[in-house]
Structure formats: C-alpha cells, structure tokens
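Asks: What follows is a predicted protein model with its sequence.
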Amino acid sequence: MPDDMSRPLIRDDGGAAGGEGRGGGSRRLEASLSDPTDPLVGILGTGDFSRSLAQRLLAAGYQVVVGSRTPKRFVALFPEEVEVMSQMEVVSQADLVFVAVYPEHHSTLAPLKAALARKTLVDVSNGLRLSRDGPSNAELLADMFPESCVVKAFNTVSAWTLQTGPRDGSRQIFLCGDSLQAKSSVAQLCRRLGFVPVDVGLLSSALDVENLPLHLFPCWRAPLLCTLLLFAFFYAYNFARDVLQPYVKHGKNVFHKMPIETVNVTLPSAALVLLSLVYLPGLCAAALQLCRGTKYRRFPGWLDRWLQRRKQLGLCSFLCAALHAVYSLVLPMRKSAHNKLLAMALKQASGAAESYSEGEVWRMELYLSVGIMALGLLSLLAVTSLPSVANAVNWREFSFIQEGRRIWLLQLQEQIKRKKKAF
Ligand code: NAP
C-alpha cells in the first residue's frame, strides 16, 4: 500500500490542465487522487459498468487500465487518468482484472489465457434469467481460465450505484471464490471503494450470487396470494350478507355499498386473520417440538416456509388495517351517508325516533378508540420489522414487543366482541 500521507492532496497544474478538454470538471475532481504508486487494477470491456467502475476506482486512489478491442474508439469516454489500451496490454500489466464483458462474449477472451495465469479475475456478469441448475458464468469462466483465480463479485451493484457511490441501501457486495488470497484482495478493494464485502463461500455459490439480482419478490408471492384469497372470501361473504340478501329477501337495492362499505368491513377481517397467521406457525413449531421431544430436527418444508414468511404476512395485515382506517375516514363523506343522516334527522324531528341513544354513542366511541389502538400496535409491528429498527433492539426487547403486542391485540379483539354483544 502506498504511503497515503506522502501523496499531495492537490496535484500540480501541469497534470490537471491537460484533462479539461476531455474529462470535464466533476470527473477530474474525483480522479485527481490517482497516483503512479497506487495499486493497478485492470478492466476488460469499455461499457457502462466499466466506465462507472473506473471512475469509482480512481476516486478510491487506484490506477486503472482498461482493455478494449478498439482502444482508440473509447478513450474519450474515460477520465484522462485511465489508460485505455488493448486487452493483452491490460492483462499483462494488472494482477487484478475485472471482466466487464457479457458472458456470451467470454470466449473471445481465450487468447489472454496465458497472460492471465496466476492472476485474479473478477467476474461481474449477471445471467439473463433465473437459473436453478449450474454451471454459473463464473464457473464457466474458471473452466476457461484454470490457472487464474476467479472471484465472483460486484454483479449485484449497478453501474449507477458505482457512479453515485455506495449509499446505505446498497452497500453490500457478495463475493465468492475458491482462492482465499484472491477473495481477500477483492474484499480489500471493496472496502476501499466504500462497500461492505460479504463472503458467501466457494465459487460453487456463484449461481446463487448471480441469481440475486433476478429474484422478483420471492418471499412475497404466498403472503400476497393469501391476502387476496382472504380478501375475496370475506368480500364474497359480506356482499352476500349485506347486499345480496336484502335485495333477494326484501327487494332493497343497496348495491352502492359494494365499493366502500363492503370493502371497509372486509379489510379488518382479512387483517385479523393475517395477523393470526403471523403467530400461528410459531405455536405450531413449538407444539411439533414438544411432540417430537427435541428441537434438533428440521421442521417440515411447509412450516419452514410459513415461518420465513411471517414478516410479509404481518406487513400485509398492516396494509389491510391501514386501508381500513382510510376507508373508515371516508365513510361520512359519501352521498348515501348524507341521505341517511337527513332521514334520521327527519325521523327525530317527527318524534318517531329517540334523539340520543347512550348505548349507541358509547358503542361508537369505544369502537373507534379500540380500532385506533389496534392500528397503532400494528404499526409498531410494521416498524419493528424494518432492518434498521430490528437491529437497534436486542432479542429480549424484540420478543417483549412482539409478545406484548400479541396479548394486547387479543385483548382488544375480546373487548370488541364483548362491546358488540353488550350493545
Ligand atoms: P456493455 O455496456 O454492453 O459493455 C460490454 C463491453 O464488453 C463492450 O463495451 C465491449 O467493449 C466489451 N466486449 C468485449 N468483447 C466483446 C464482444 N465480443 N462483443 C461485444 N462486446 C465485447 O455492458 P455493461 O453494462 O458494461 O455490462 C458488462 C458486464 O457487467 C455484463 O456481464 C453485465 O452483466 C455486468 N453488470 C452490468 C451492470 C450494469 O449496471 N451495467 C451491473 C452489474 C453487472 P470493447 O468494445 O471496448 O471491447
């Protein structure tokens, strides 16, 4: 590692002046830390990824050489500190080489085999579609270059993230490879660029790393389907009870209830069942362990998957509860509510109805209060599921919140039932 303290913070004007025409001011600012004594990193390919990576490496104080099939064509796209040369020149100079070339073109790199022997090759490629069976791009690259040390890394980071620099949300870089030394030099480079390297093991894990950016909400499918099915079931039930039955039995047309009122009574039912689905698998798991008399046996697959989806089920429950709150707020704004209110006022004025019903008033007050508290507690569940919040509490605090909230919610449900019966 060069002596960072001996490097001047501002380079002399002679070096800076030449770049103004090509690189532009902001690019020069980032690149101005490069020094001939900095470690040398090579990149094969001159595409989007290569350009962003070169800028980030320069900003972190590396010397960068880029290999292209047509160096002269792309030299203007890079900051002046980056040397764009032939692929062979790059691999003969650098010990660590990024392969920023699509995997279908990896075979065109075959002539570089001898020059790449004993060097570290970083494969940044992604697959086009999710693949369950190998081999991965990185393993194929390792087969092509058996004398090089292939490390899979950086494929989960976009060219955009590299350009803007690591932010809180996208700081992790998953890497794997068979050579410990190669992996540790790539990990060191990651840290110097401001990322957090996460070693996921040998190169045989490369397929998982390549699949990472291609997953589409893998944990959400079952919870979302469950939410939709529950919603459809309760909606059909409420529709039959509140809309269809009055029409069939008494010829009363209340189909206007379908978009808001029926949805509103459906949402809390779905929310409560979803919430119970969050806690039920934990109880099933405990019961199963008691039956088996040991905790050292794997749960059946369905229970395992259910346990892993609890967070998503909880968030779906929260969504239904939050929507219920919004729908409830909207209820008095409807035309039908105004008409109903007017009819009640006329009825009261004609003396046909009691003007003030103590029971009704209490019922509504308690109903709203309990609903607001339930939503508050559910919001707490949603907030504690955020990684940043969950990391800030220890296990005892987390289980205290979870257990406390569960008991509270059960008590609230009981209260609602009792109040409904009482009035
Ligand atoms: P790109 O813009 O299309 O660049 C690919 C580069 O490959 C070309 O500029 C070309 O450079 C070089 N190349 C070498 N041999 C080639 C051949 N036979 N045919 C065509 N091109 C050849 O692609 P990219 O977006 O930079 O992506 C490069 C790699 O990074 C891919 O494997 C991709 O999966 C991975 N990646 C990209 C991103 C991203 O955000 N873009 C993120 C993660 C991973 P020369 O013409 O100068 O040789």
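Replies: Looks like it came in fine.
Asks: When you work out contacts or count neighbours from here on, use the C-alpha atoms and nothing else.
Replies: OK.
Asks: Give me the contact list for stretch 230-243.
Replies: Here stretch 230-243 makes contact (CA atoms under 8 Å, 6 or more residues apart in numbering) with 253-255, 257-258, 262-263, 265-267, 269-270.
Asks: So among these, which ones count as buried?
Replies: When these are checked for burial by 16 or more other CA atoms under 10 Å, the buried set is 262-263, 265-267, 269-270.
Asks: which one of those residues is nearest Glu147?
Replies: Glu147 lies nearest to Ala270 out of the buried ones among the contacts of stretch 230-243, by CA to CA, at 58.7 Å.
Asks: I'd guessed the closest one sits against Thr227; true?
Replies: Yes: the criterion here is CA atoms under 8 Å, and Ala270 meets it with Thr227 at 7.0 Å.
Asks: For stretch 306-319, list the C-alpha coordinates in CSV.
Replies: C-alpha atoms of stretch 306-319 as CSV (Å, rounded to 0.1, in the frame of the first residue of the first chain):
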residue,chain,number,x,y,z
TRP,A,306,-44.5,-20.4,6.6
LEU,A,307,-42.1,-19.3,9.5
GLN,A,308,-40.0,-17.5,6.9
ARG,A,309,-43.0,-15.5,5.6
ARG,A,310,-44.2,-14.1,8.9
LYS,A,311,-42.8,-10.7,8.3
GLN,A,312,-44.5,-10.4,4.9
LEU,A,313,-47.8,-11.7,6.4
GLY,A,314,-47.5,-9.1,9.2
LEU,A,315,-47.0,-6.3,6.6
CYS,A,316,-50.0,-7.4,4.5
SER,A,317,-52.0,-7.4,7.7
PHE,A,318,-50.8,-3.8,8.4
LEU,A,319,-51.7,-2.8,4.8
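Asks: Which members of the contacts of stretch 230-243 occur in helices, if any?
Replies: 263, 265-267, 269-270 (DSSP state H).
Asks: Nearest to Leu180 among those residues?
Replies: Ala270 (50.8 Å).
Asks: Next up, the contacts around the closest one.
Replies: Ala270 sits next to 227, 230-231, 234, 317, 320 when contact means CA under 8 Å, 6+ apart.
Asks: Which one (most neighbours) among those residues?
Replies: Ser317 (29 neighbours; other CA atoms under 10 Å).
Asks: Excluding chain neighbours, what is closest to that one?
Replies: Ala271 (4.3 Å; CA to CA, 6 or more residues apart in numbering).
Asks: quick one: the one you found from the ligand, how far?
Replies: Going from Ala271 to the ligand by CA to the nearest ligand atom, to the nearest Å gives 39 Å.
Asks: again, but for Phe299
Replies: To the ligand, Phe299 is 36 Å away according to CA to the nearest ligand atom.
Asks: for that residue, helix, strand, or coil?
Replies: coil (DSSP: H, G, I helix; E, B strand; the rest coil).
Asks: wait, the residue nearest to Ser317 sits on Leu315?
Replies: No: if you go by CA under 8 Å, Ala271 and Leu315 don't touch, sitting 9.6 Å apart.
Asks: now the buried ones among the contacts of stretch 230-243 as TSV including pLDDT?
Replies: Putting these into TSV (pLDDT from 0 to 100) gives the following:
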residue	pLDDT
Thr262	96
Val263	97
Val265	95
Thr266	97
Leu267	97
Ser269	96
Ala270	97
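Asks: Can you tell me which of these lies closest to Asp133?
Replies: Out of those, the member with the shortest distance to Asp133 (by CA to CA) is Ala270, at 38.3 Å.
Asks: how near is that closest one to the ligand?
Replies: Distance, Ala270 to the ligand, using CA to the nearest ligand atom: 40 Å.
Asks: Show the low-confidence segments of this structure, by residue range.
Replies: 1-38, 167-170, 353-355, 404-423 (pLDDT under 70).
Asks: Can you name the residues of it sitting close to the ligand?
Replies: Contacts of the chain with the ligand, taken as CA under 6 Å from any ligand atom, map to 45-50, 68-70, 100-103, 105, 108, 124-126, 155-159.
Asks: Which of these are buried, as a PyMOL select command?
Replies: Filtering those down to the buried ones (16+ other CA under 10 Å) takes a single PyMOL command:
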select buried, resi 45+46+49+50+68+100+101+103+124+125+126+155+156+157+159
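Asks: Which members of the residues of the chain next to the ligand occur in strands, if any?
Replies: Those of these mapping onto strands are Ser68, per DSSP state E.
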